[in-house]
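> With the sequence up front, the predicted model follows.
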Amino acid sequence: MSVWIEIQRNISQVQGREFVVCDRKSVGGGSINQAYQISDSQHSYFVKLNQASKVAMFEAEAAGLKEMHASQSIRVPKPLSWGTAAGQSYIILEWIPFGHGDTQAWFAMGQQLAAMHRQAHDQGFGWHQNNTIGDTPQRNPWTSNWGEFFTEHRIHYQLQLAQRNGGHFRQGDVLLDQSPALLAHPVTSSLVHGDLWSGNAAFSQAGEPIILDPATYYGDREVDIAMTELFGGFPPAFYQGYQETWPLAEGYQQRKILYNLYHILNHFNLFGGGYASQAQRMIEQVVAMV
């Protein structure tokens, strides 16, 4: 069975009416998946495709979107269905026509993200399933201590991958020894997006904030704010909205370097190149703090 026939069948079942694709357009969907807008001339959906072995990635994405939606805080695309057909995996999502965010919309995004971060979990830090950060596995075992969780399941894991990929970072062992102490601040379990850079933040045509493509788990809310600063940053209104709703704690400016090191190490493992030198500089900055 063609993957598109399977997708049509799934949409028809979920929506309770026949859906037949009459228009299919390739759209931007990142470097990992093929992405399409499909339509029957009345309703549109967003579809991502990958090889069949990646179906767990889509399953976890759907679960993360549902968890964020359930927080009733900020809009996310609703997942309709996911699965495999004809050697491919797929996920079908609500199609949201994007617009542009003005200062007020960015302020609202900051407020709404802070509201999402208020959702905690009584099992501490982690999630009920593993997922991915980009194309890299992300392990989320429930852990009571945040410093231990982030050191072992974020930084140590990426350093192990880096070594297999030919990356040898000086002071890596020192970093792992010192990280728990750096993260030993009062921290509550927060539902986090996990991959919140500018490419995963958008606005509807009415200016409603939207976040998408999550790497969801429960962690320190600062990981999301840190990543918004990593690749160009968000407008000042976003940070104003967030800080007015739930101010960041003292020491964030130091911790954000360690939090963003996770993403730079992951970029090295995915893309190589100049990310190695950037990661090394960040390791040296973190080690010098303690």
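Arrived safely. Numbering: from 1, shown residues only.
> Specify the local secondary structure of A276.
Three-state assignment for A276 (DSSP: H, G, I helix; E, B strand; the rest coil): helix.
> now do the one 10 residues further on
Three-state secondary structure (criterion: three-state DSSP) places V286 in helix.
> what's around it, how many residues?
21 (other C-beta atoms under 10 Å). Every residue, glycine included, has its C-beta placed from N, CA and C.
> Skip the chain neighbours and tell me the closest residue to it.
L258 (5.0 Å; C-beta to C-beta, 6 or more residues apart in numbering).
> Check which helices and strands the helix or strand that contains that neighbour sits against.
Using DSSP states H and E, L258 falls within helix 252-271. With contacts taken as 3 or more C-beta pairs under 8 Å, 6 or more residues apart in numbering; DSSP states H and E, helix 252-271 sits against strand 131-133, strand 136-138, helix 146-150, helix 157-164, helix 172-182, helix 222-228, helix 275-289.
> The same query, at a cut-off of 6 Å, please.
helix 157-164, helix 222-228, helix 275-289 (3 or more C-beta pairs under 6 Å, 6 or more residues apart in numbering; DSSP states H and E).
> ok, now how distant is the residue nearest to V286 from A279?
12 Å (C-beta to C-beta, to the nearest Å).
> circling back to that earlier point, list the contacts of the helix holding L258.
Contact partners of helix 252-271, identified using C-beta atoms under 6 Å, 6 or more residues apart in numbering, comprise 133-134, 136, 154, 158, 161-162, 165, 167, 222-223, 226, 230, 275-276, 278-279, 282, 285-286, 289.
> mind redoing it with 8 Å?
133-136, 150, 154-155, 158-159, 161-162, 165, 167, 179, 182-183, 185, 195, 220, 222-223, 225-227, 229-230, 275-276, 278-279, 282-283, 285-286, 289 (C-beta atoms under 8 Å, 6 or more residues apart in numbering).
> hmm, which of those are the buried ones?
133-134, 150, 154-155, 158-159, 161-162, 167, 179, 182-183, 195, 220, 222-223, 225-227, 230, 275-276, 278-279, 282-283, 286 (16 or more other C-beta atoms under 10 Å).
> Mark out where each domain of this structure begins and ends.
As recorded under automatic domain parsing, the domains making up the chain are 3-94, 103-289.
> Let me know which of those domains is tucked in deepest.
domain 103-289 (a mean of 18; mean count of other C-beta atoms under 10 Å).
> Distance from the chain centre to it, please.
9 Å (C-alpha atoms, centre = their mean, to the nearest Å).
> and if you look at stretch 82-100?
Going by C-alpha atoms, centre = their mean, where stretch 82-100 is centred and where its chain is centred differ by 16 Å.
> gap between the two ends of that stretch?
29 Å (C-alpha to C-alpha, to the nearest Å).
> now stretch 72-80
Span of stretch 72-80 from end to end, C-alpha to C-alpha: 18 Å.
> can you give me the mean pLDDT across stretch 232-245?
Averaging pLDDT along stretch 232-245 gives 96.
> can you list contacts of it?
With C-beta under 8 Å, 6+ apart as the criterion, stretch 232-245 contacts 103-104, 106-111, 113-115, 198, 201, 225, 228, 248.
> Which of these sits closest to N10?
Using C-beta to C-beta, A201 comes nearest to N10 of those, at 28.0 Å.
> Specify the local secondary structure of H153.
Strictly by three-state DSSP, H153 counts as helix.
> Can you give me the distance of the closest residue in space to W246 that isn't next to it in sequence to S179?
Counting by C-beta to C-beta, 6+ apart, A114 is the residue found nearest to W246 once chain neighbours are left out, at 4.1 Å. Distance of A114 to S179, computed by C-beta to C-beta: 25 Å.
> Same question for N200.
From N200 to S179 the distance is 25 Å (C-beta to C-beta).
> again, but for Q138
In terms of C-beta to C-beta, Q138 sits 17 Å off from S179.
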